[in-house]
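Chemist: My questions concern the predicted model and sequence given below.
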Amino acid sequence: MISGAINVEARDKEFVQLSIQLAHEYMKLGKLRDAGVVYKHSLSSSHVQAASNETRAVLLLRHAESLIKIGDVDQG
């Protein structure tokens, strides 16, 4: 049973890391709203709890960057 929990945790970490990469690529393409949707989904999901502190920090910083770029500084 413990190995199953480890697999879920690893999958959750990977989900968050890939979501950060996807959203960042959206930003580079100028699809800022799409990036924001990915960031918000990642932040509201239970997956983020399994991520490392460093990964969560990158997620929060990149999300803040996307909010600034779309002019939504109240949330950032």
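Modeler: Cool, got the structure. Numbers count the residues shown, from 1 in each chain.

Chemist: would you list every one of the helices in this structure?
Modeler: Secondary structure of the chain, counting by DSSP state H: helices at 2-28, 32-44, 53-69.

Chemist: Return the helix or strand in the protein with minimum mean pLDDT.
Modeler: Between all helices and strands in the chain, the lowest mean by mean pLDDT, DSSP states H and E belongs to helix 2-28, at a mean of 84.

Chemist: how far off helix 32-44 does it point, in degrees?
Modeler: If you take axes from the mean of the first three to the mean of the last three CA atoms, to 10 degrees, helix 2-28 sits at 160 degrees to helix 32-44.

Chemist: other SSEs contacting helix 2-28?
Modeler: helix 32-44, helix 53-69 (3 or more CB pairs under 8 Å, 6 or more residues apart in numbering; DSSP states H and E). For the C-beta atoms, the positions are set from N, CA and C on the backbone; glycine is no exception.

Chemist: And the last one, what's buried?
Modeler: The one in question is helix 53-69. For helix 53-69, the neighbour count (16 or more other CB atoms under 10 Å) marks 55-56, 58-59, 62-63, 65-67 as buried.

Chemist: Kindly report the same for stretch 16-26.
Modeler: Those would be 16-17, 19-20, 23-24, 26, for stretch 16-26 by 16+ other CB under 10 Å.

Chemist: for stretch 27-45, same thing?
Modeler: Of all the residues in stretch 27-45, those buried under the rule 16+ other CB under 10 Å are 27, 32, 34-36, 38-39, 42.
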